[in-house]
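K.L.:
Sequence first, predicted model second:
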Amino acid sequence: MRTIKYMFFLIIVSIIIVSCNKKSKTNTSMQHRKDVTAKDIIGNPEYLAISYGGYRHSDHGIEPTLEELKEDMKILAAMGIKVLRTYKVHKPHAANVLKAIHELKKEDPSFEMYVMLGIWMDCKNAWTELPPNHEEESERNKTEIETAVKLAQEYQDIVKVLAVGNEAMVKWATSYFVQPWVILKWVNYLQDFKKKGELSKDLWITSSDNFASWGGGDNEYHVEDLNKLIKAVDFISMHTYPMHDTHYNPQFWGVLDEEKELSDLEKIEKAMERSLEYSKAQYESVKQYMNSVGADKPIHIGETGWASYSNGHYGNDGSKATDEFKEALFYKLIRNWTNENKIACFYFEAFNEPWKDAANQGGSENHFGLFTVDGKAKYVLWDLVDNQTFDGLTRGGNSITKTYDGNKELLLKEVFVPAIKDSLAVSF
């Protein structure tokens, strides 16, 4: 009887110890997440970043459901993504992403995901029948800012960065671009909120824009308001897209005459290595301009990517840039470089979004995802499928499988070599 009582006592003690350990781990995990700041995660290779839109239909008016967003969060978390970038708050998407993450954290205290919350900026008359007025801003900008502030306050444990505008200053965005003073105005507004204690002092404020808009391009961008903006943000979030420049500015794109004897895959690998060097040169051009105005801020990649298909400028009837093989090479090259140099890279993008070019489903904008809409992992992620990273996870009821049924020979039949050139401006 005494032995039975002693064994019962040991069982009770063991249960109490296990329970306390679990509670301790949960509290530690929750405390860790509460203390995580933008400074801890932006540029930290352990916190991989990605640009995210959960839209699954060609009709942009069909919002992803909360369950669909949670599906996506689990898929991204499985592949090591811990920081998302969203683009606007005037649609329910961003708020629902935050809600999805919040619920997943309640369900699983170890779940960890943070957000760079995008705030869309427009000029006056943007997206209307009236001609856009690039010297004035849209009345909607104020509402967009106010909504973002509320979300940052409500989800302080998740929102770690606010980004004012997406390619909002670049001149080729003719439908909506604004002058730098607009972005500066709202960046200063948010920085003042931090000083007043209405936003966390650890929240970082930036704008996410083309490298040229940050001073790395033509002199027309080199204005005093840009210089003030560079000094006002907590870091520079710049975009670089060598894929687009395989058509528009192909100084780096092609196969050198001395590379003719290489195998086709080796020729492609050389071309993709030059694509990375092209992006690195744009990064350095922004850094040089920033230093020239007396600023010293971190510079991170707010957006870069490579489409896997195009029936236009970048496809096999154009620059021969887009296929899953080249996409995989660029992804791995840019990730390796940014991770080694502690540069955040919000890679564009997680999943294909068919609304981007709804009228032309073969358009490159619909094919930047690492996954297809129905959850197939493109070539870049085939090794993760092999490693059972996505076992038990689904998208739209579909298990995560490989494109081309995992047949690399089929994939390579659609991979074309860029044109041979006598010389390239490889020095950048």
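P.N.:
The structure has been received and is ready for your questions.
K.L.:
Residue 116 - that's part of a strand, no?
P.N.:
Yes. According to DSSP: H, G, I helix; E, B strand; the rest coil, residue 116 belongs to a strand.
K.L.:
Just give the number of residues close to it.
P.N.:
Neighbour count for residue 116, taken as other C-beta atoms under 10 Å: 28. The way it works is simple: take the backbone N, C-alpha and C, and place the C-beta from them, glycine included.
K.L.:
check which helix or strand covers residue 98.
P.N.:
In the assignment (DSSP states H and E), residue 98 maps to helix 92-107.
K.L.:
Quick check: phi and psi at residue 165.
P.N.:
Residue 165 adopts backbone torsions of phi 90, psi 150, taken as degrees, to the nearest 10.
K.L.:
before we move on, what about residue 166?
P.N.:
The phi/psi pair for residue 166 (degrees, to the nearest 10) is phi -130, psi 110.
K.L.:
That one: what's it in contact with?
P.N.:
87, 88, 118, 120, 121, 208, 209 (C-beta atoms under 8 Å, 6 or more residues apart in numbering).
K.L.:
Name the nearest residue to the second one, sequence neighbours excluded.
P.N.:
By that I understand residue 88. Excluding its sequence neighbours, the residue lying closest to residue 88 (C-beta to C-beta, 6 or more residues apart in numbering) is residue 120, at 3.7 Å.
K.L.:
do you know how far the one you found is from residue 397?
P.N.:
The gap separating residue 120 from residue 397 is 32 Å, by C-beta to C-beta, to the nearest Å.
K.L.:
Same question for residue 69.
P.N.:
15 Å.
K.L.:
hang on, residue 87 packs against residue 53?
P.N.:
Yes. Taking C-beta atoms under 8 Å as the contact criterion, residue 87 and residue 53 are neighbours in contact, 7.1 Å apart.
K.L.:
So between these two, which is more surrounded?
P.N.:
residue 53 (26 against 21).
K.L.:
ok, and the closest non-adjacent residue to the more buried one?
P.N.:
Excluding its sequence neighbours, the residue lying closest to residue 53 (C-beta to C-beta, 6+ apart) is residue 353, at 5.0 Å.
K.L.:
Over to residue 161?
P.N.:
Closest residue in space to residue 161, ignoring its immediate chain neighbours: residue 116 at 3.9 Å, by C-beta to C-beta, 6+ apart.
K.L.:
In contact with that neighbour: list those residues for me.
P.N.:
For residue 116, the contacting residues are 49, 83, 84, 85, 86, 160, 161, 162, 163, 208, 237, 346, by C-beta under 8 Å, 6+ apart.
K.L.:
what are the phi and psi angles of residue 239?
P.N.:
Dihedral angles of residue 239 (phi, psi; degrees, to the nearest 10) stand at phi -110, psi 140.
K.L.:
Give me the pLDDT for residue 23.
P.N.:
pLDDT recorded at residue 23 is 45.
K.L.:
what's the neighbour count on residue 136?
P.N.:
13.
K.L.:
Surely it forms part of a strand?
P.N.:
Yes. Counting by three-state DSSP, one finds residue 136 located in a strand.
K.L.:
per-residue pLDDT, it?
P.N.:
pLDDT, residue 136: 98.
K.L.:
before we move on, what about residue 35?
P.N.:
84.
K.L.:
what's the answer for residue 14, then?
P.N.:
Residue 14 carries a pLDDT value of 49.
K.L.:
what does the one 5 residues further on give?
P.N.:
Residue 19 is assigned a predicted lDDT (pLDDT) of 48.
K.L.:
Could you do residue 30 as well?
P.N.:
For residue 30, the model assigns a pLDDT of 39.
K.L.:
Check residue 312 too.
P.N.:
Per-residue confidence (pLDDT) for residue 312: 97.
K.L.:
And residue 423, by the same measure?
P.N.:
pLDDT for residue 423: 71.
K.L.:
How about residue 233?
P.N.:
At residue 233, the model reports a pLDDT of 98.
K.L.:
isn't it right next to residue 205, touching?
P.N.:
Yes. Using C-beta under 8 Å, residue 233 is in contact with residue 205, at 6.0 Å.
K.L.:
any common contacting residues for these two?
P.N.:
With C-beta under 8 Å, 6+ apart as the test, residue 233 and residue 205 both reach residue 187.
K.L.:
got the contact list for residue 210?
P.N.:
Counting by C-beta under 8 Å, 6+ apart, residue 210 makes contact with 167, 169, 170, 217, 238, 239.
K.L.:
returning to what we had before: which of residue 69 and residue 397 has more neighbours?
P.N.:
Each of residue 69 and residue 397 has its neighbours counted (other C-beta under 10 Å); residue 69 has more, 22 against 8.
K.L.:
mind listing what's buried in stretch 411-428?
P.N.:
Across stretch 411-428, burial judged by 16 or more other C-beta atoms under 10 Å covers 411, 415, 416, 417, 418, 424.
K.L.:
Quick check: bridge partners of the spatially most central residue of the chain?
P.N.:
For the chain, residue 51 is the residue whose C-alpha lies nearest the centre (C-alpha atoms, centre = their mean; 2.4 Å). Going by DSSP bridges, residue 51 is paired in beta bridges with residue 85.
K.L.:
Show me which positions of stretch 273-291 end up buried.
P.N.:
Buried, per 16+ other C-beta under 10 Å, within stretch 273-291: 274-283, 285-287, 289-290.
K.L.:
again but with stretch 129-140, I slipped
P.N.:
When burial is assessed from 16+ other C-beta under 10 Å, stretch 129-140 yields the following buried residues: 132, 134, 137, 138.
K.L.:
repeat for stretch 41-55
P.N.:
Using 16+ other C-beta under 10 Å as the test for burial, stretch 41-55 gives 41-45, 47-55.
K.L.:
for this protein, which spans come out with low pLDDT?
P.N.:
When residues are selected by pLDDT under 70, those of the chain lie in 1-34, 425-428.
K.L.:
now the buried residues of stretch 129-140 as CSV including distance to residue 358?
P.N.:
Listed next are those as CSV, based on distance: C-beta to C-beta, whole Å:
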residue, distance to residue 358
132, 22
134, 26
137, 27
138, 23
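K.L.:
how many other residues sit next to the residue nearest to residue 88?
P.N.:
23.
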